[in-house]
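[1] here's my sequence, what's the structure:
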Amino acid sequence: MTTGIRNVALSLALAALLGGIASMFAAGERALANFEIGFFSALFVLIASSFGYWQMVQGSGQSRPHYDLPDETERIDDRFGLWEEDPPTTDEEDVKKLLRQERSRIKKGRRDFRTLLETSKPALSLYRLVAYAVLVYGVYRLISDDSFEPIFYLAGAGAAPFVTAVTLWIQNRG
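    Residues are numbered from 1 along each chain as shown. Prediction:
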């Protein structure tokens, strides 16, 4: 694992250096600033998202609610319970009881607000929010300084995840 992280880090450093040099020669210091701010803010978002995902996987046994999901094939194949051992009865009381059971089962299946918050912790983690704030602040500063070059910024912001994905793909392929 450490070799993989080292390979990704070296690839990212090389991409930042080569992309910075290329943008500097292409359009000057403004392009260099846009490329580097885009690159490092996107890299920060990528690291924060990966760390949040890693934390979610590490703590998944304790914090994440586990739902017992019915077998989907069985539910589709025998939707009305025709193949059950006991034949369904048509007694009016049994039908009312069955309806009450189904309503309570459906209510249990709904997610309440607390469950929604517990399951969305990785998406709302502090790391990701800070990383996105840095990204927005970088764009804001470039625009307010009247030096925003969208092509170079997007090239830098796209280079970080692209280089990471290609490096991991090459590493896992061989």
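[2] poorly predicted segments of this structure, please.
    Applying pLDDT under 70 to the chain flags residues 1, 59-92, 108-112, 115-124, 174.
[3] what segments of it are helices?
    2-27, 29-58, 60-63, 72-77, 92-109, 113-119, 126-144, 150-173 (DSSP state H).
[4] who's in contact with residue 23?
    31-32, 34-35, 152, 155-156 (C-beta atoms under 8 Å, 6 or more residues apart in numbering). Placement of C-beta: from N, CA and C, glycine included.
[5] in a markdown table: the residues you listed, plus neighbour count and distance to residue 17.
    Below are those laid out as a markdown table (neighbours: other C-beta atoms under 10 Å; distance: C-beta to C-beta, whole Å):
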| residue | neighbour count | distance to residue 17 |
| --- | --- | --- |
| 31 | 22 | 15 |
| 32 | 21 | 11 |
| 34 | 26 | 16 |
| 35 | 28 | 11 |
| 152 | 27 | 15 |
| 155 | 20 | 14 |
| 156 | 29 | 12 |
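[6] just flag the most distant two among those residues.
    32 and 155 (11.4 Å; C-beta to C-beta).
[7] torsion angles phi and psi at residue 28?
    phi 100, psi -160 (degrees, to the nearest 10).
[8] what is the neighbour count of it?
    11 (other C-beta atoms under 10 Å).
[9] gap between it and residue 135?
    23 Å (C-beta to C-beta, to the nearest Å).
[10] most neighbours per residue, which of the helices of the chain?
    helix 29-58 (a mean of 19; mean count of other C-beta atoms under 10 Å).
[11] from the contact counts, what lies against it?
    Packing partners of helix 29-58 (3 or more C-beta pairs under 8 Å, 6 or more residues apart in numbering; DSSP states H and E): helix 2-27, helix 126-144, helix 150-173.
[12] roughly how far is it from the heart of the chain?
    Relative to its chain's centre, helix 29-58 lies at 13 Å (C-alpha atoms, centre = their mean, to the nearest Å).
[13] between it and helix 126-144, how big is the angle?
    If you take axes from the mean of the first three to the mean of the last three C-alpha atoms, to 10 degrees, helix 29-58 sits at 170 degrees to helix 126-144.
[14] what's the angle from helix 29-58 to helix 150-173?
    Using the same axes, to 10 degrees: helix 29-58 against helix 150-173 is 40 degrees.
[15] and the angle from helix 29-58 to helix 2-27?
    Using the same axes, to 10 degrees, helix 29-58 lies at 160 degrees relative to helix 2-27.
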